[in-house]
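**Student:** coordinates only, no sequence provided:
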């Protein structure tokens, strides 16, 4: 290549609209020549072999082969091809992994056309390039490392921890409003001051039973009531309790803007929550009483859960529960009805331990009772269950649930989704082989006035339905990455047409490979329902 030749560029991104936009930028400049586009890492490697570009604009998160793996292959096989990682992820671990794989640059997607062109030219010349935002993310992560290290020296003193927060958290969470609370009402930290609380009291009450961090963006409905307004995204994370499944406190954070990717901020917030949890737990706390409670909870749960999936003529059904701890907040059930109908439910109680086991037992009994009373009306059954939960309990627990009535002989299911993870309907006959059965109402146990829309799906031979709890999508690897819905969908696409047991095993195996020995924070419940004939 001579000095007058344009820099030959390949774009690799799984979003067509992003490829189109980047391509328009590249083609608008005489110094650059777009020689190919790839929708995943595998295609990017193939393009490098075919056209030998000078620079690859590489997305990080893509199907089949992600950007880091593709970068490693490209740099090993063609050292003269430079990779400019162009992504929305800011986590220190991802940035370092990309650079270790051989990326010459790491930039975020919020740059202008002129900045992109300048970056391509610098990377082509072999200059290491990291965006200011990515550098700040590394700095924030290192500050959190330092805070975690220093907190180990203060011997369970919340007063000293509050002082550390005052010194360190403004640097870790710049441009954010942060509040750290230990229940019932002690604020360890609030910044900046004076400022209105980022979370109202109803939000803290809801957070007491939450299982993990949640991000609320413009238009999202709060579980405690209301809708999130534009301008700032809200992150809320529970501080894990020492011996019970209930939170001992929480972190609320308002980011001054709208976050495109939440992973890096969620990671920092969750690390902060774990740090407070470790300091709030008294040293040498006895665990005998907690162990007895867990044993009692397990006995309750074991008496409720079905021993396995039922045998239904013309159908292939598989189900499994894998608790993360001694007891699970997840459950499923199969309820026989008249005329070869079956009610099935998969649900997730927002707690662990004895309280969750008792609450789960009550919910299971109510669902069974109302399933028999309304054998063709799942929406009415859920409304009745919801009314009883709210009238018979005074706590703050609620439950997400998918409830369906299967007419096995004709392959039809009427269902409602009460705030649960959307199951996936697998079909070999439709133009869209993978459908999400999205939520048709909020979780049970929140509002007396709640209603649920009833929907219908029709199974043909070979179709399958996969129901799961968030222990699948929220499984993490050693780096803290989530398994996520995209990996789940990739496994299911590859499993269309397989028997239920094989679909189930393929998904569990992939989660296990992804986790690679990392401890599980949440339970896994899974049902696979496939029509044979």
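**Tutor:** The structure has been received and is ready for your questions. Treat the numbers as computed from the prediction; the structure is a model and nothing was measured. Residues are numbered from 1 along each chain as shown.
**Student:** and stretch 58-68, how far out from the chain middle?
**Tutor:** Chain-centre distance of stretch 58-68: 18 Å, with CA atoms, centre = their mean, to the nearest Å.
**Student:** and it, what's buried?
**Tutor:** Neighbour counts over stretch 58-68 (16 or more other CB atoms under 10 Å) mark 58-62, 65-68 as buried. The C-beta positions use only the backbone N, C-alpha and C, and glycine is treated the same way.
**Student:** beta partners of the closest residue to residue 214 other than its chain neighbours?
**Tutor:** Take residue 214 and drop its neighbours on the chain: the residue closest to it by CB to CB, 6 or more residues apart in numbering is residue 236, 5.5 Å away. Counting by DSSP bridges, residue 236 forms beta bridges with residue 214, residue 252.
**Student:** give me the neighbour count for residue 236.
**Tutor:** Using other CB atoms under 10 Å, residue 236 has 25 neighbouring residues.
**Student:** ok, back up a step: so which of the buried residues of stretch 58-68 are in strands?
**Tutor:** residue 58 (DSSP state E).
**Student:** so which of the buried residues of stretch 58-68 are in helices?
**Tutor:** Residues of the buried residues of stretch 58-68 located in helices (DSSP state H): 67-68.
**Student:** the residue positioned nearest the centre of the chain: what secondary structure?
**Tutor:** The residue lying closest to the centre of the chain (CA atoms, centre = their mean) is residue 474, at 4.6 Å. Assigned state for residue 474: coil (three-state reduction, DSSP: H, G, I helix; E, B strand; the rest coil).
**Student:** who's in contact with it?
**Tutor:** In this structure, residue 474 makes contact with 212, 482-483, 521-522, judged by CB atoms under 8 Å, 6 or more residues apart in numbering.
**Student:** rerun that using 7 Å as the cut-off
**Tutor:** Shown in contact with residue 474 (CB atoms under 7 Å, 6 or more residues apart in numbering): 212, 482, 522.
**Student:** what about it, distance to residue 71?
**Tutor:** Separation of residue 474 from residue 71 (CB to CB, to the nearest Å): 27 Å.
**Student:** now do residue 22
**Tutor:** Shown here: residue 22 relative to residue 71, a distance of 17 Å by CB to CB.
**Student:** between those two, which one's more packed in?
**Tutor:** Higher neighbour count among residue 22 and residue 71: residue 71, with 30 against 23, using other CB under 10 Å.
**Student:** hmm, that one is touching residue 103, no?
**Tutor:** Yes. Between residue 71 and residue 103 there is a contact at 5.2 Å, judged by CB atoms under 7 Å.
**Student:** so what sits against both of the two?
**Tutor:** Listed as contacting both residue 71 and residue 103 by CB under 7 Å, 6+ apart are residue 83.
**Student:** mind checking what secondary structure residue 206 has?
**Tutor:** Assigned state for residue 206: helix (three-state reduction, three-state DSSP).
**Student:** now it: closest residue in space, sequence neighbours ignored.
**Tutor:** Per CB to CB, 6+ apart, closest to residue 206 is residue 224, 4.4 Å.
**Student:** so for stretch 508-524, mean pLDDT?
**Tutor:** Mean pLDDT, computed over stretch 508-524, is 81.
**Student:** how far does that stretch stretch from start to finish?
**Tutor:** This stretch, stretch 508-524, spans 9 Å end to end (CA to CA, to the nearest Å).
**Student:** now do the buried residues in that stretch.
**Tutor:** Neighbour-count burial for stretch 508-524 flags 508, 510-511, 514, 520, 522-524 (criterion: 16+ other CB under 10 Å).
**Student:** again, but for stretch 337-352
**Tutor:** Buried residues in stretch 337-352, counted by 16+ other CB under 10 Å: 337, 341-352.
**Student:** could you identify the most distant pair in these?
**Tutor:** Within the buried residues of stretch 337-352, 341 and 352 form the most distant pair, 33.0 Å apart (CB to CB).
**Student:** right, and residue 337 touches residue 374 too?
**Tutor:** No. At 10.0 Å, residue 337 does not count as touching residue 374 under the criterion of CB under 7 Å.
**Student:** residue 444 reaches residue 418, doesn't it?
**Tutor:** Yes. With contact defined as CB under 7 Å, residue 444 counts as touching residue 418 (5.3 Å).
**Student:** now do the shared contacts for the two.
**Tutor:** Applying CB under 7 Å, 6+ apart, one finds that residue 444 and residue 418 are jointly contacted by 382, 401.
**Student:** who's in contact with residue 47?
**Tutor:** Contacts of residue 47 by CB under 7 Å, 6+ apart are 10, 36, 38.
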